[in-house]
Every structure is written in structure tokens, then in C-alpha cells.
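*Asks:* Quick one, fold the following:
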Amino acid sequence: MDLVLPSALQTPAHVRTAERLLTRIPDGATVASSNRLAPMLTGRTTVSLVCFGTGTGPDPAAPTALPADPPRWVVWDRHDPTVKTPCPPARTHRMLRLYRAHGYVQVAGEDGITLLRRP
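*Replies:* Take a look at the predicted model:
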């Protein structure tokens, strides 16, 4: 039974990295997050999913603008196995490009986790 093995009680390195990077986001901040990281933030920040934007273009499901009240922080984990739902990869990538185009700067990036901040 794997539950009695010491390795079953260890936090994976990727999770430890995520926890460390997320401490850079101050309490009370607004954050757009990838799905798997969101629960790690909801107790101390206001969280939305990174793939949600606004606007309509040729594809109504494809965001063309930032949310009306854009978050101060954006955090995305490219290794998140839940990226297909509710946020398809193309939609998430489109939003990340929009955030960067609107001046968000990368303040950390490690083990596939990217942390952006609005200037």
C-alpha cells in the first residue's frame, strides 16, 4: 500500500515551487490564475481564471480584450493537466499575449510556472 511509504508523504518539487512563487502575490490582490493554482490562492486573494477576457471577434469564445477590471497579477502553470477545461490552451495563450501586450511584466518563471504583474 503506497500510503505507508515515506515518499507518499512528500510534497512534489513542482508543488513546492508553486507555493514559493505564489508567496510573491500579496494578500488581498486580484489574480488571474490557471485552474490548478487557483485553489492555492482563493483563501487570501480574489481569483479569476487566466483564460477569461472580454470582447468579441470572429470567434466569440476567443477573448480580444482584458477583463473590465484587470487583475494585478497573472500566474500560469503550463504543466497544469486541467488546461483543456475550462480553459482551452489556445484561449489561455491568447490571454497571456494580451496581458503582456498591455504591459504586464514577468516577475518570476520557474518549472513551467510564470508569474506576471501589472505595472
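
*Asks:* can you list the weak-confidence ranges in this structure?
*Replies:* For the chain, applying pLDDT under 70 flags the ranges 1-8, 55-61, 82-85.

*Asks:* Let me see the residues that make contact with the helix or strand where Ala32 lies.
*Replies:* Using DSSP states H and E, Ala32 sits in strand 30-33. With contact meaning CB atoms under 8 Å, 6 or more residues apart in numbering, strand 30-33 is reached by 25, 41, 45-50, 52, 67, 69-76, 95, 99. All C-beta spots, glycine's among them, are computed from the backbone N, C-alpha and C.

*Asks:* rerun at 6 Å
*Replies:* Strand 30-33 has contacts (CB atoms under 6 Å, 6 or more residues apart in numbering) with 25, 41, 45-48, 50, 71-75.

*Asks:* got it, and stretch 95-110?
*Replies:* 17, 21, 50-51, 53, 63, 66, 74, 115-119.

*Asks:* Just those residues: which are in strands?
*Replies:* Judged by DSSP state E, strands contain the following of those: 74, 115-117.

*Asks:* Who wins on neighbours among those residues?
*Replies:* Val74 (27 neighbours; other CB atoms under 10 Å).

*Asks:* beta partners of it?
*Replies:* When bridges are called by DSSP bridges, Val74 pairs up with Ala32, Leu116.

*Asks:* And for Thr54?
*Replies:* Ala65.

*Asks:* wouldn't it be in contact with Thr64 here?
*Replies:* No - judged on CB atoms under 6 Å, Thr54 makes no contact with Thr64 at a distance of 7.5 Å.

*Asks:* Look at those two and report which has more neighbours.
*Replies:* Higher neighbour count among Thr54 and Thr64: Thr64, with 14 against 11, using other CB under 10 Å.

*Asks:* how close does the more buried one sit to Arg94?
*Replies:* Thr64 sits 8 Å away from Arg94, going by CB to CB, to the nearest Å.

*Asks:* just His14 next, same as before
*Replies:* Distance from His14 to Arg94, by CB to CB: 25 Å.
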